[in-house]
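J.: Have a look at this prediction, sequence included:
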Amino acid sequence: MASTLEIRDLRCNVEDKEILKGVNLTVRQGEVHAIMGPNGSGKSTLAYTLMGHPRYEVTGGEVLLDGENILDLPPDERARKGLFLAFQYPQEVPGVSVANFLRTAVNSLRGDGNATPAGSGKNLAALAALQKEIEAALEQLRWDLSFTRRYLNEGFSGGEKKKGEMLQMAVLKPRFAVMDETDSGLDIDALKDVARVFNSMRGPELGAIIITHYQRILKYIEPDFVHIMVDGRIVRSGGRELAEEVEAKGYDWIKAQVG
Amino acid sequence: MAKSLDKIDALAQATGFSEDLIDRIARAYDEPEWLVERRREAWRAFRDLPLPSWRHTDVSDLQFDRIRPVAPPSTVPAWAEGALPPAAEAAAVAVQVDSGVEIRHLDPTLAERGLIVTDLHTAATRYPDLVERFFLKSGLRPDHDRFTALHAAFWTGGFFVYVPRGLVVEKPIYLVTLITGGASGASVSGHGLIVLDEQAEATIFDESDAREVGQAALYTGNTEIHVEPAARLNYVSFQNWRAPVREYSQKFARVRRDGYLVATTGFFGGDQTRNVFTTQLVEPGAGTQNILAYAAAGRQHFDLTTNNIHAAPSTLGDMTARGILTGASRLVYQGLIRIERGAHKSEDYLNSNTLLLSPDAKVLDDIPSLEIEADDVKASHGATVGQIDQEQMFYLRSRGLNETEAKRLLVSGFFEPLLGRIPNEDARERISELVLDKVV
């Protein structure tokens, strides 16, 4: 049965300023939702709040994953329930190789919660299977294995960081993924790489929220639904045509309408 | 061995540090007169010196008259058996338990070629010339402070390692020091004397552990290292007292022409630990790399110093110190590069980095210093103290790592630059394990 991620009247403060002012959105596994909106509308705040960043203070509403409110769970438990955030600004983690990180994360997600940094796989077959998954994702990103020996995001270009998020997403296989401006700062080839990985994962197992300022990425990842966020609320919802309308008329048109 | 163990056992009954006790130790081990004389000199220094008043490390509560001056010898306890390296993987295995020493293994082929691994008492009677040539000749001075004087007057056990000219020892030599319940409230003070003669090469693991100690034991063991011309030593030392031990110790290394010392030391255990590691590069072409790792937890107090002294031209040094503090632990770190007059064309670089994992942990002092009296040298130093980055934590936790797993991964990343300098894979793995044990 398909899982459901239901955001109900979500309100959130950042440093005592209300940023989310009652967000409502329901995403089912298998659906791809795009959230578009001008800068400062609360799109990234929504992404961080869904993942449980401690700096974002929820003041009202709930986020239900198959009916269970996840807002009291720490980020790692949300991840274990199948939530994933592709960061707009992925953190650099010096001294930790991509391979080591992926093994540790997979052990944490799928294992008993006693992962070791070395990812000392109790099960060689599982390790070999993981290796295959990593290699398959690398191929879609046009990367070779040497990439996984680099330290996580350290010295990566902007595009490499975003592609790295997609590599993690492909390996960690979330049920619900939030992609926070994954398209920003990408050249066209990198954007195609990102879309290729996403589209290969697309299917009944994956529900996704694609947060973007521009509709460029939506040419490569076709959303089922498009939502427009303004001033902490979703003010319009529709299909692909809504993105095109925003592209043609700009955000001021909607801002004027919702005034 | 057993004979001297029995003899020293009687000493456990003696009360108080006294000149009489020195005579009894000397008689028990048939020590040569020159050696007894060194003990007596040290005794006079011990008698006359006050307790040190170190700036951040308070020892004023130590009462020597309440410390049993010599721990009784003991045999390897069950908890340590499993951790001893198998003979097949070692050139030699020597174990000091409280005040007694057992030589567990010495590769007979290497022994035939002149490798000596024994306790220092035996060495002093069997190889008096060698011992006299190197004992207390590294720069370690008995009158340096009261603990060093105590050590030089009353040391028992200890190791003597001599790698003869040109011998390359492939497998590691293990020197293990264990403090057991028998040493509760007692003084343990072995003397390590390590000599690599010309063009010799060896890897030495010098490890220590303690368990089941009730009342805190006092550890004042010191180590002297001689790297003779063109010899190469990879020296690895881990201190992991897992019981109440107060340690005041020094390591002195002397590196001669074209000799090279890589010294990796790790401090993980004990209540209050003060250690000074001084390397002197005394002839041209001598080099050293000093790698210091530490991880303190709870109320542990570490006071660690590394000194590189360049006393000759064209000498090369490098010092790295890196560690973590958790709980309410305390660290004092002092790193010194001294390039003496005439030691031109020398180089040395010092870097120290501490990561605080708890708001209650503190670096009391982190003092890198340069004393440069020569021209045409290259030297630099730097120090950082940082905290766990909360954005990194969130990033890792969003991938499913719980708080401890995320911290461990960040800590392992933090240690990576230090681990990358260690030539020995076993040493890298041990440091990782010992560090991560502290991140819970």
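T.: Received it, and whenever you're ready, just let me know what you need. Numbers count the residues shown, from 1 in each chain, chains lettered A, B, ... in the order given.

J.: residues near residue B:96, how many?
T.: 28 (other Cβ atoms under 10 Å in any protein chain shown). No exception for glycine: its C-beta is placed from N, CA and C like everyone else's.

J.: Residues touching the helix or strand containing it, excluding its own?
T.: Element membership for residue B:96, per DSSP states H and E: strand B:92-97. Here strand B:92-97 makes contact (Cβ atoms under 8 Å, 6 or more residues apart in numbering or on different chains) with B:73-77, B:80, B:84-85, B:87, B:101-107, B:110, B:115, B:117-119, B:157-159, B:161, B:173-178, B:180, B:190.

J.: Enumerate every residue touching residue 220.
T.: Since no chain was named, I'll use chain A. With contacts defined as Cβ under 8 Å, 6+ apart, the neighbours of residue A:220 are A:191-192, A:194-195, A:199.

J.: right idea, wrong chain: chain B
T.: Taking Cβ under 8 Å, 6+ apart, one finds B:147-148, B:150-151, B:187-189, B:247-249 in contact with residue B:220.

J.: mean confidence score for the strand holding residue B:96?
T.: In this model, strand B:92-97 has a mean pLDDT of 97.

J.: Repeat that for stretch B:162-176.
T.: The average pLDDT within stretch B:162-176 is 98.

J.: just stretch B:187-197 next, same as before
T.: In this model, stretch B:187-197 carries a mean pLDDT of 97.

J.: out of the contacts of residue B:220, who's nearest chain A?
T.: Proximity of the contacts of residue B:220 to chain A (Cβ to the nearest Cβ) peaks at residue B:247, which lies at 29.1 Å.

J.: How much space separates that closest one from residue B:210?
T.: Separation of residue B:247 from residue B:210 (Cβ to Cβ, to the nearest Å) stands at 10 Å.

J.: Mutual contacts of these two, please.
T.: Shared contacts of residue B:247 and residue B:210, defined by Cβ under 8 Å, 6+ apart, comprise B:241, B:270.

J.: Can you list the strands that the strand holding residue B:96 pairs with?
T.: Here strand B:92-97 has these sheet partners by DSSP bridges: strand B:100-106 (antiparallel), strand B:173-179 (parallel).

J.: Tell me the buried residues in the first one?
T.: The reference is to strand B:100-106. Neighbour-count burial for strand B:100-106 flags B:100-102, B:104-106 (criterion: 16 or more other Cβ atoms under 10 Å in any protein chain shown).

J.: What of the last one?
T.: For strand B:173-179, a neighbour-count test (16+ other Cβ under 10 Å) marks B:173-179 as buried.

J.: got the residue ranges for the strands in the stretch 101-250 of chain B?
T.: Using DSSP state E, counting those that start in this stretch, the strands of the stretch 101-250 of chain B run over B:116-119, B:159-163, B:173-179, B:187-188, B:191-196, B:201-210, B:217-219, B:222-227, B:232-241, B:245-255.

J.: what is the mean pLDDT for the longest one?
T.: In other words, strand B:245-255. The average pLDDT within strand B:245-255 is 98.

J.: tell me the angle of it relative to strand B:191-196?
T.: 20 degrees (axes from the mean of the first three to the mean of the last three Cα atoms, to 10 degrees).

J.: Kindly report the same for the second one.
T.: Between strand B:159-163 and strand B:191-196, the angle formed by their directions is 0 degrees, by the same axes, to 10 degrees.

J.: what's strand B:159-163 in contact with?
T.: B:92, B:94, B:96, B:101, B:114-120, B:122-123, B:127, B:130-131, B:169, B:173, B:175, B:190-197, B:200-202, B:204, B:231.

J.: do the fifth one as well
T.: Judged by Cβ under 8 Å, 6+ apart, the contacts made with strand B:191-196 from elsewhere in the structure are B:120, B:123, B:130-131, B:134-135, B:151, B:155, B:157-163, B:175, B:202, B:204, B:206, B:221-228, B:231-233, B:235, B:259.

J.: let's see it at 7 Å
T.: B:120, B:134-135, B:155, B:158-163, B:175, B:202, B:204, B:206, B:221-228, B:231, B:233 (Cβ atoms under 7 Å, 6 or more residues apart in numbering or on different chains).

J.: same thing with the fourth one?
T.: Counting by Cβ under 7 Å, 6+ apart, strand B:187-188 makes contact with B:67-71, B:98-99, B:154, B:179, B:217-221, all of which sit outside it.

J.: Please name the strands paired to it in the sheet, noting orientation.
T.: Strand B:187-188 is paired, per DSSP bridges, with strand B:217-219 (parallel).

J.: what's the offset of the partner strand from the middle of its chain?
T.: Distance, stretch centre to chain centre, for strand B:217-219: 14 Å (Cα atoms, centre = their mean, to the nearest Å).

J.: averaged over its residues, what pLDDT does that strand have?
T.: Throughout strand B:217-219, pLDDT has a mean value of 97.
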